[in-house]
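Visitor: here's my sequence, what's the structure:
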Amino acid sequence: INNNHVPVLLSFSAFSRPSSVPVGSGYEVLIQKFLSIYGRQIDLHRKFMIQLYSDEWAQYIDLPKGFIISEKCKLRFVPLETDVTVLGNLIPATTVFFCCDMQERFRPAIKYFGDIISVGQRLLQGARILGIPVIVSEQYPKGLGSTVQEMDLTGARLVFPKTKFSMVLPEAEAALADLPGVRSVVLFGVETHVCIQQTALDLLARGFEVHMVADSTSSRSMMDRMFALERMARTGIIVTTSESVLLQLVGDKEHPKFKEIQNIIKASAPESGLLSKV
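Guide: As a prediction, this is how the structure comes out:
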């Protein structure tokens with residue numbers, strides 16, 4: 001172990017694995033380390049906590065708030081006993097939109113791309129009306145082009161390039177850290193079975209509630225799309241639609257922005273071939 005890393009013993013259930021993390025690592029790094037080692041055994045439908053072994057008390061104690069790794073220690077990952085039902089409530093103050101890789105070069109390859117563009121634009125309009133932050137990624141824009149012109153990114157909090165498939169990169173995490181009340185992510189874009197799925201799973205692992213907008217995501221293959229939707233739904237990700245999201249965010253006919261949102265959804269979202277393949 002070099003001077004920049006600290007040895008840690010990571011325990012889950014009956015298993016223990018020695019490892020190391022960088023000096024100064026906090027809760028998020030520890031979660032990712034646990035998932036990298038024990039991910040297949042951890043049921044993400046459950047809430048969980050990390051505990052630290054205390055020499056003073058000779059037993060494990062709840063990890064103190066703001067804890068960082070500074071010396072050799074023993075940690076255990078503890079799922080809580082009760083399964084947690086995800087209610088899927090959405091309110092603007094705790095919601096952020098993730099728009100993933102809706103780029104020009106994907107236009108000829110992605111099935112029903114025109115339909116998911118039009119639905120994505122409705123979501124972006126709704127976000128502006130309701131004051132919801134929007135984070136936008138572009139996969140290798142040098143080769144794949146920028147976000148399509150039909151989608152108006154005016155007011156987006158962050159537009160960033162990436163090469164990793166998941167959107168959960170330092171740029172996006174920093175933007176989320178600046179939005180401390182956010183707990184729900186509305187996710188849409190391409191491809192369903194690659195960047196969308198990997199982003200959704202990474203967000204779920206970090207404790208966010210993920211709403212995946214089925215009428216604004218697609219793939220080159222409908223089989224890939226179908227099985228990705230099924231896998232995400234089983235994992236606890238909420239598979240929903242754009243109209244459901246927008247009306248849930250408004251919540252009341254008397255909401256001051258209801259009329260503006262109603263104008264967006266007066267024309268129903270396209271009932272394209274996406275529907276028959278879900």
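
Visitor: pull up the pairing partners for the helix or strand where F77 lies, direction included.
Guide: Using DSSP states H and E, F77 sits in strand 73-83. In the sheet, strand 73-83 lines up against strand 5-12 (parallel), strand 46-54 (antiparallel) (DSSP bridges).

Visitor: name the residues that touch that strand?
Guide: Applying C-beta atoms under 8 Å, 6 or more residues apart in numbering, the contact partners of strand 73-83 are 6, 8-12, 30, 34, 38, 42-43, 45-53, 60, 63. From N, CA and C alone the C-beta is placed, and that goes for glycine too.

Visitor: go on, stretch 237-250?
Guide: With C-beta under 8 Å, 6+ apart as the criterion, stretch 237-250 contacts 86, 88-92, 95, 119, 122-123, 126, 130, 132, 186, 188, 200-201, 204, 209-216, 229, 232-233, 257-258, 261, 264-265, 268-269.

Visitor: need the buried ones from those residues selected in PyMOL.
Guide: Selection command for PyMOL covering only the buried members of these, criterion 16 or more other C-beta atoms under 10 Å:
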select buried, resi 90+92+95+119+122+123+126+130+132+186+188+200+201+204+209+210+211+212+213+214+215+216+229+232+261+264+265+269
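
Visitor: in strands only, show me the contacts of stretch 237-250.
Guide: Members of those lying in strands (criterion: DSSP state E): 95, 186, 188, 209-216.

Visitor: and those, which is closest to R157?
Guide: T95 (12.5 Å; C-beta to C-beta).

Visitor: and for the nearest residue to the closest one once chain neighbours are set aside, the neighbour number?
Guide: Using C-beta to C-beta, 6 or more residues apart in numbering and skipping residues adjacent in sequence, the residue nearest T95 is S184, 4.6 Å away. As a burial measure, S184 scores 23 neighbours (other C-beta atoms under 10 Å).

Visitor: contacts only, for S184.
Guide: With C-beta under 8 Å, 6+ apart, S184 has these contacts: 89-90, 94-96, 208-211.

Visitor: one more: V213?
Guide: Neighbours of V213 in contact, by C-beta under 8 Å, 6+ apart: 119, 123, 186-188, 240-242, 245.

Visitor: what about the helices in the chain?
Guide: 27-38, 113-130, 141-144, 170-177, 197-205, 222-235, 242-250, 258-265, 273-276 (DSSP state H).

Visitor: just send those helices back as a markdown table, with mean pLDDT too.
Guide: Shown next, in a markdown table, are these (pLDDT from 0 to 100):
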| stretch | mean pLDDT |
| --- | --- |
| helix 27-38 | 87 |
| helix 113-130 | 97 |
| helix 141-144 | 94 |
| helix 170-177 | 93 |
| helix 197-205 | 93 |
| helix 222-235 | 93 |
| helix 242-250 | 96 |
| helix 258-265 | 95 |
| helix 273-276 | 73 |
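
Visitor: that older thread, now mean pLDDT too, for the strands paired with strand 73-83, in JSON lines please.
Guide: Shown next, in JSON lines, are those (pLDDT from 0 to 100):
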{"stretch": "strand 5-12", "mean pLDDT": "93"}
{"stretch": "strand 46-54", "mean pLDDT": "85"}
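
Visitor: those: which one's closest to M102?
Guide: Nearest to M102, of all those, is strand 46-54, at 33.0 Å by C-beta to C-beta.

Visitor: circling back to that earlier point, out of the strands paired with strand 73-83, deepest packed?
Guide: strand 5-12 (a mean of 18; mean count of other C-beta atoms under 10 Å).

Visitor: okay, the angle between it and helix 27-38?
Guide: 60 degrees (axes from the mean of the first three to the mean of the last three C-alpha atoms, to 10 degrees).

Visitor: residues making contact with strand 5-12?
Guide: By C-beta under 8 Å, 6+ apart, strand 5-12 touches 1, 16-23, 25, 33-34, 37-38, 41-42, 69-77.

Visitor: mind redoing it with 6 Å?
Guide: 1, 16-23, 38, 69, 72-77 (C-beta atoms under 6 Å, 6 or more residues apart in numbering).

Visitor: which of these count as buried?
Guide: Here, 16+ other C-beta under 10 Å leaves 19-21, 38, 69, 73-77 buried among the contacts of strand 5-12.
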